[in-house]
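Asker: What follows is a predicted protein model with its sequence.
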Amino acid sequence: MMTDKEMMALAQTYQTPMHIFDMAILKKRVAFLKSHLPEKVSLCYAVKANTFIIKELCGQVERFEVCSPGELAICRRLQIPMRQVVLSGVYKTPAVMEALFRDGVDIGIFTAESMEQYLLLAGLAERYTMKIRLLLRLTSGNQFGMDENVLIQTIRMSRSNEWVEVEGIQFFSGTQKTSVKKLRRELTYVDAFIQRLETEEGFRVKELEFGPGLPVFYFQGDDFDEVSFLAEFSEMLSEMTSQVKLTFELGRSIAASCGNYMTSVVDAKVNKKQNYAIVDGGIHQLVYYGQSMAMKHPYCHVLPEKQEGETMDWNLFGSLCTVNDILVKQMPVRNLTVGDVIVFENTGAYSTTEGIALFLSRDLPKILLRKEDGEIHVLRDSIDTDPLNTPNYHE
């Protein structure tokens with residue numbers, strides 16, 4: 001784990017704003033999850049949470065969940081074995097899918113979210129005489145997946161296609177789940193449906209890929225006993241009737257703790273008796289679940305740590321020209337001055353990939369990675385975004 005002295009040195013060397021991901025913390029987190037979940041559970045990393053740590057997770061997780069052509073392209077550039085990829089997504093671009101089959105790319109397993117998707121994939125498999133494995137996504141009551149009856153129809157249809165093997169079910173209903181009762185209801189429902197498929201359809205589900213939506217706590221006062229939570233959850237898994245291979249799709253739970261976001265104070269003032277500090281980053285680079293940063297205090301601290309001076313409450317705002325660019329309200333800080341660095345913790349998930357990065361054409365921040373031996377790698381330098389927002393009248 002990096003010390004404050006190390007982080008301050010990085011801020012001075014590479015300049016803020018920046019994200020830095022600590023691989024020692026990442027690997028410790030994966031080991032924690034594996035040690036507190038049943039041995040039979042495999043981990044699948046949802047790459048949408050953070051594409052910059054994919055390569056470091058090779059050998060740590062069994063699979064990588066890919067939900068877009070861009071994410072697939074990233075995995076291929078990183079030379080991730082395609083047999084370890086779950087190609088998912090509510091929309092699978094037909095031209096991209098055909099290119100994969102035409103080029104003979106050996107994807108580990110596909111998901112089908114609708115009858116339309118099944119027909120697309122099955123048709124391509126037959127046309128290119130390429131055997132594929134499928135997980136059928138069961139809806140949890142939203143735009144994702146299929147109703148039970150449609151899923152059953154899909155299984156029946158697959159029996160006449162020698163190039164398609166339906167391996168099992170995918171089920172995911174959301175994130176940040178803190179209720180064991182909710183997880184129990186979901187598992188009971190899916191378990192019963194799997195039993196129904198076997199008794200009524202003669203179809204044995206070999207695998208359940210389940211998104212448990214394990215919670216991450218970003219704000220002070222939101223802590224909970226994760227060890228007890230996972231122990232109770234593991235007990236539920238042991239009570240399942242279905243004897244299937246269990247794969248957990250996790251993104252936030254794996255990635256969040258390895259990240260820090262550093263941004264510097266560039267201005268400080270008092271308006272209407274309120275203290276305001278402006279930083280060189282903002283909400284376009286820092287995303288917490290629910291964007292409720294203004295309502296609560298995230299885990300963050302100020303560098304350098306000061307022993308003298310008055311402690312005052314400060315409102316921390318980003319560099320965007322909008323009143324919504326609030327990072328923290330009424331944060332107590334001792335002797336805050338221009339040049340101080342604010343370190344936000346638990347930023348390893350979604351901050352680099354989700355949000356309004358192009359708003360006001362601000363630069364994309366640097367991305368740094370700290371290896372287990374302390375070596376620093378610059379994975380991406382800061383990038384100007386104004387070319388992306390400039391209209392082209394010359395073509």
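Answerer: In hand now; what should we look at?
Asker: Identify the bridge partners of Ile367.
Answerer: His19, Arg380 (DSSP bridges).
Asker: and it, how many neighbours does it have?
Answerer: 21 (other C-beta atoms under 10 Å). The C-beta positions use only the backbone N, C-alpha and C, and glycine is treated the same way.
Asker: ok, it touching Tyr14?
Answerer: No - Ile367 is not in contact with Tyr14 according to C-beta atoms under 8 Å; the separation is 10.2 Å.
Asker: Identify the contacts common to those two.
Answerer: By C-beta atoms under 8 Å, 6 or more residues apart in numbering, Ile367 and Tyr14 have these common neighbours: Val378.
Asker: show me where pLDDT drops low in this protein?
Answerer: Along the chain, segments meeting pLDDT under 70 span 289-295.
Asker: Centroid-nearest residue for the chain?
Answerer: Nearest to the mean C-alpha position of the chain, by C-alpha atoms, centre = their mean, lies Ala49 at 1.9 Å.
Asker: Export the helix ranked longest in the chain to CSV, keeping only CA atoms.
Answerer: The longest helix of the chain (DSSP state H) is helix 180-201. The C-alpha trace of helix 180-201 is given here as CSV (Å, rounded to 0.1, in the frame of the first residue of the first chain):
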residue,chain,number,x,y,z
VAL,A,180,-28.7,-10.9,2.1
LYS,A,181,-32.5,-11.4,1.9
LYS,A,182,-32.6,-10.0,-1.6
LEU,A,183,-29.7,-12.3,-2.7
ARG,A,184,-31.6,-15.2,-1.1
ARG,A,185,-34.7,-14.4,-3.1
GLU,A,186,-32.8,-14.2,-6.3
LEU,A,187,-30.9,-17.4,-5.8
THR,A,188,-34.1,-19.2,-4.8
TYR,A,189,-35.8,-18.0,-7.9
VAL,A,190,-32.9,-19.0,-10.3
ASP,A,191,-32.4,-22.3,-8.5
ALA,A,192,-36.1,-23.1,-8.9
PHE,A,193,-36.0,-22.2,-12.6
ILE,A,194,-33.0,-24.4,-13.2
GLN,A,195,-34.8,-27.3,-11.6
ARG,A,196,-37.8,-26.6,-13.8
LEU,A,197,-35.7,-26.7,-16.9
GLU,A,198,-34.4,-30.2,-15.9
THR,A,199,-37.8,-31.7,-14.9
GLU,A,200,-40.0,-30.1,-17.6
GLU,A,201,-37.6,-29.8,-20.5
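Asker: Please compute how far it lies from its chain's middle.
Answerer: 26 Å (C-alpha atoms, centre = their mean, to the nearest Å).
Asker: Point out the other helices and strands that that helix packs with.
Answerer: If contacts are counted by 3 or more C-beta pairs under 8 Å, 6 or more residues apart in numbering; DSSP states H and E, helix 180-201 sits against helix 148-158, strand 164-172, strand 207-211, helix 226-238.
Asker: JSON lines please, covering these and showing mean neighbour count and distance to Val270.
Answerer: Output for these, formatted as JSON lines (neighbours: other C-beta atoms under 10 Å; distance: least, C-beta to C-beta, whole Å):
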{"stretch": "helix 148-158", "mean neighbour count": "16", "distance to Val270": "61"}
{"stretch": "strand 164-172", "mean neighbour count": "22", "distance to Val270": "47"}
{"stretch": "strand 207-211", "mean neighbour count": "22", "distance to Val270": "47"}
{"stretch": "helix 226-238", "mean neighbour count": "14", "distance to Val270": "41"}
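Asker: export the ones you listed to JSON lines and tack on distance to Gln195?
Answerer: Putting the helices and strands packed on helix 180-201 into JSON lines (distance: least, C-beta to C-beta, whole Å) gives the following:
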{"stretch": "helix 148-158", "distance to Gln195": "13"}
{"stretch": "strand 164-172", "distance to Gln195": "12"}
{"stretch": "strand 207-211", "distance to Gln195": "12"}
{"stretch": "helix 226-238", "distance to Gln195": "16"}
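Asker: I'd like to know which of those is closest to Asp340.
Answerer: Set against Asp340 and scored by C-beta to C-beta, those come closest in helix 226-238, at 31.8 Å.
Asker: what's in contact with the closest one?
Answerer: Residues from elsewhere that reach helix 226-238, judged by C-beta under 8 Å, 6+ apart: 33, 36-38, 41, 178, 180, 183-184, 187, 212, 214, 246.
Asker: next one: stretch 155-165
Answerer: With C-beta under 8 Å, 6+ apart as the test, stretch 155-165 has contacts from 118, 121-122, 125-126, 129-134, 136, 166, 197, 201, 203.
Asker: Okay, strands next: where are they in the stretch 1-150 of the chain?
Answerer: Assigned by DSSP state E, counting those that start in this stretch, the strands in the stretch 1-150 of the chain fall at 18-22, 41-46, 63-66, 85-87, 109-112, 132-137.
Asker: pull the CA atoms of the second one into CSV?
Answerer: The C-alpha coordinates for strand 41-46 follow below in CSV (Å, rounded to 0.1, in the frame of the first residue of the first chain):
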residue,chain,number,x,y,z
VAL,A,41,-17.1,-20.4,-7.2
SER,A,42,-15.1,-19.0,-10.1
LEU,A,43,-14.5,-15.3,-10.7
CYS,A,44,-15.3,-13.4,-13.9
TYR,A,45,-14.1,-9.8,-14.1
ALA,A,46,-16.5,-7.3,-15.7
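Asker: Could you spell out the sheet neighbours of that strand, each with its direction?
Answerer: Strand pairing for strand 41-46, determined by DSSP bridges: strand 63-66 (parallel), strand 245-250 (parallel).
Asker: Extract the CA atoms of the shortest one and return them as PDB.
Answerer: Spelled out, it's strand 63-66. Below are the C-alpha coordinates for strand 63-66, written out as PDB (Å, rounded to 0.1, in the frame of the first residue of the first chain):
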ATOM      1  CA  ARG A  63     -12.900 -15.000 -17.200                       C
ATOM      2  CA  PHE A  64     -13.300 -11.500 -18.500                       C
ATOM      3  CA  GLU A  65     -16.800 -10.200 -19.300                       C
ATOM      4  CA  VAL A  66     -16.800  -8.000 -22.400                       C
END
